[in-house]
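Asker: could you work out the structure for the sequence below:
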Amino acid sequence: MEFIIFLSKLDKEILDLLIQANYKVEENKIECLLNKEIKGLHNFIENKIIICTENAKRKTNYRNEKQHPNKENLKTKLAIRKALRHEATHAIQKCNNNKTVGDIKNLEAKLHQSKRRSLEFSTSNFSGTYAKEVEAYILEDKPKKVKNMIKKYCL
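Answerer: Take a look at the predicted model:
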């Protein structure tokens, strides 16, 4: 799985915990081709997370470091890390009887404008509830919290 090269040590721990919680984590499946806007998705029924590495690379203008050794590709790393954490949050919510794990009141106000657009996209194109999506967008920037919540709710 190519996306692993973009993960931090902490994100690799999140991945390992998801696998311990009996989640399958796959990459670049047909769902990614059907919707080139998504960077990841959570299959609730199959306990599966799909990371759309190729979509993330395309959306962040990834450049092969061998061809462009001075390019950092930080945007791609961040996009893939956030996708994993976002989808891990949905796994945590599933472990919590399909409910949010925190009090999401007032959290929406903390969302950056770009995440508000993503939130609109997610809630209009996928089956997630508004509250669960808000929580997932907030937690994609909090890897330690995601890691601890997987342990608390899923293991």
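
Asker: contacts, neighbours, all on C-alpha from now
Answerer: Noted.

Asker: any idea how far stretch 141-148 is from the middle of the chain?
Answerer: 12 Å (C-alpha atoms, centre = their mean, to the nearest Å).

Asker: buried sites along it?
Answerer: For stretch 141-148, burial by neighbour count (16 or more other C-alpha atoms under 10 Å) applies to 143, 146-147.

Asker: ok, then the element right after the helix or strand of the chain with the lowest mean pLDDT?
Answerer: The helix or strand of the chain with the poorest confidence is helix 113-125; it has a mean of 57 (mean pLDDT, DSSP states H and E). Following helix 113-125 in sequence order, the next helix or strand is helix 130-139 (DSSP states H and E).

Asker: the helix or strand following that following helix packs against which elements?
Answerer: Heading C-terminal from helix 130-139, the first helix or strand you meet, by DSSP H and E, is helix 143-154. Packing partners of helix 143-154 (3 or more C-alpha pairs under 8 Å, 6 or more residues apart in numbering; DSSP states H and E): helix 9-20, helix 74-95.
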